[in-house]
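Colleague: Take a look and give me a structure for this.
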Amino acid sequence: MVKVILQLYPMLRAENEAERAAMRPMGRNTERYQEFLKDLPEICQAVDDLGIWGISTVEHHFHSEGYEVGPNPGIMATHMASLTKRARVGELGFTMSAQNPIRVAEDTALIDQITQGRSFVGFSRGYQARWTNVLGQHLGAKATLSPVDFSDQRKADFTLAELENELKNDTINRDVFEENVSLVIDAWTKDLLQHNSPRWQIPFPYESGIEWPMTDATSRLGAEGEIGADGRVHGVSVCPAPYNRPYPPVFIASNSSRETVAYAGRMGFNPTYFSPVSRAADYAKTYVEAGAEIGKQYAFGQNQALVRWPQIEETTEAAHQAIRDYDVEIYKNLYRPLTPQMPFDESDPVSSVLSTGIFTGGSVSEVRDNFISEWTELPAEYAVLIYHYPQMPAKKVIESLERFVKGVKPSLDDMTDHYPATV
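Modeller: Down below sits the predicted model:
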């Protein structure tokens, strides 16, 4: 069965751009943020009632415009855990090029314990420069869109010096990301964490260790090896461990990097594609190949997650109106500037949105046929559905979810029923 994840981007409501401008900076508006919190219990109840596998949110900072106001996905996942009883809660995801990996390991292990294993964890590399560059500065990381995979047409938009700088930033970002994720995994799975690199010394300082007044107690009661022969701290034990063993399911956000997908294949993580199915299906082959190189055998589509923004209504016209009401402004002002290759025609914005291959809208039968076509190309184990709540009212989100679960999901279940159950 396909596993559905509802991804909520806190998109603060505005009647139009004029109101958003009049209330600037809307991202700091308490009344509008409270709207997000007010109806979230209703959505979470629907997620449980509909048997949806998981619910998640995003990490983005400094969104003064009121888009994607999600600065702490761990806190929000904990809140959503309190509002659900069956669905998993998680993050898509922590941006690990701008995070402290020990704090992420602790926070996610706590969520996993609080929910008794009803959690999952997502990691991303960071593509929004306004905040990734600020929060990642002490690690030397900047935002990236993985220029190594740019098309020739996209590369032509850069001078040679600009492209070389983008490639340099991409390499640093990837190095930071992979080292930080490795530290999270080690913190989850090892009683004693030790690490020595130019970015992280654990303990600090690594060679001499840390003087510690509790040496006697820690040497007898703490992790084995935590106290060295010199009586100093030479490793740390990150507590608590996750409830899931060895750790919760891990998702990796991916849009334009084949290298990231190969990394996910080697690690057994779930790549999450914010891209058209043609690109995702191509990268899914890379995932299978990367796994096979180290002895991991994946079915094509196993562990894969396709992200879609659906508007499912009783008629095509109603769905297109929903796109106008809840998606167009955000697409025009947020997604397209951050991803310049996305098209936009002011005279026909709905067609522009739908032409991306990641939005879909129509009646149940139309959307079902579209999903079947995509799952024929890539029978993904997970379907991640994004709604611009509360720009889109909770009632409308729930109605669209119900139509998906009752009218679309059964067809996808038949295409994905051979995958092993997620533990």
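Colleague: Averaged pLDDT, stretch 377-397. What do you get?
Modeller: Averaged across stretch 377-397, pLDDT comes to 98.
Colleague: Could you list the low-confidence segments of the stretch 151-300 of the chain?
Modeller: 256 (pLDDT under 70).
Colleague: 90 - rerun?
Modeller: 151-167, 169, 254-257 (pLDDT under 90).
Colleague: got it, and the stretch 1-150 of the chain?
Modeller: For the stretch 1-150 of the chain (pLDDT under 90), the answer is 144-150.
Colleague: Which stretches in it count as helices?
Modeller: Assignment of helices within the stretch 1-150 of the chain using DSSP state H, counting those that start in this stretch yields the ranges 17-22, 30-38, 40-49, 73-83, 101-114, 129-135.
Colleague: so which of these gets nearest residue 225?
Modeller: Nearest of the helices of the stretch 1-150 of the chain to residue 225, taken as Cβ to Cβ: helix 101-114 at 17.6 Å. Bear in mind the C-beta positions are built from the backbone N, C-alpha and C, glycine included.
Colleague: what's next to the closest one, contact-wise?
Modeller: Residues from elsewhere that reach helix 101-114 (Cβ atoms under 8 Å, 6 or more residues apart in numbering): 74, 77-78, 81, 89, 91, 94, 96, 119, 121, 179-181, 183-184, 187-188, 193, 200, 202, 238-244, 247-248.
Colleague: about what we covered before: save the helices of the stretch 1-150 of the chain as a markdown table, and put in mean neighbour count too.
Modeller: A markdown table is the format used below for those (neighbours: other Cβ atoms under 10 Å):
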| stretch | mean neighbour count |
| --- | --- |
| helix 17-22 | 13 |
| helix 30-38 | 14 |
| helix 40-49 | 19 |
| helix 73-83 | 20 |
| helix 101-114 | 21 |
| helix 129-135 | 17 |
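Colleague: Got phi/psi on the spatially most central residue of the chain?
Modeller: Of all residues in the chain, the one closest to the mean position by Cα atoms, centre = their mean is residue 92, 1.9 Å from it. The phi/psi pair for residue 92 (degrees, to the nearest 10) reads phi -130, psi 80.
Colleague: For the stretch 51-200 of the chain, just list every one of the strands.
Modeller: Counting by DSSP state E, counting those that start in this stretch, the stretch 51-200 of the chain has strands at residues 54-57, 88-91, 94-95, 121-124, 195-196.
Colleague: whoops, I mixed them up, the stretch 301-423 of the chain
Modeller: Using DSSP E, counting those that start in this stretch, the strands found in the stretch 301-423 of the chain span residues 305-312, 359-362, 382-387.
Colleague: The shortest one pairs with which strands, parallel or anti?
Modeller: Each strand pairing with strand 359-362, determined using DSSP bridges, is listed with its direction: strand 305-312 (parallel).
Colleague: how far does the strand it pairs with sit from the chain's center?
Modeller: 14 Å (Cα atoms, centre = their mean, to the nearest Å).
Colleague: nearest to residue 262, of the strands of the stretch 51-200 of the chain?
Modeller: Nearest to residue 262, of those and by Cβ to Cβ, is strand 121-124 at 15.1 Å.
Colleague: Can you give the strand pairings for the closest one, parallel or anti for each?
Modeller: For strand 121-124, pairing defined by DSSP bridges yields strand 94-95 (parallel), strand 250-254 (parallel).
Colleague: how far off helix 101-114 does the last one point, in degrees?
Modeller: In this case it means strand 250-254. 130 degrees (axes from the mean of the first three to the mean of the last three Cα atoms, to 10 degrees).
Colleague: just use 105 as the starting number from now, easier for me
Modeller: From this message on, residue numbering opens at 105, which makes the last subject strand 354-358.
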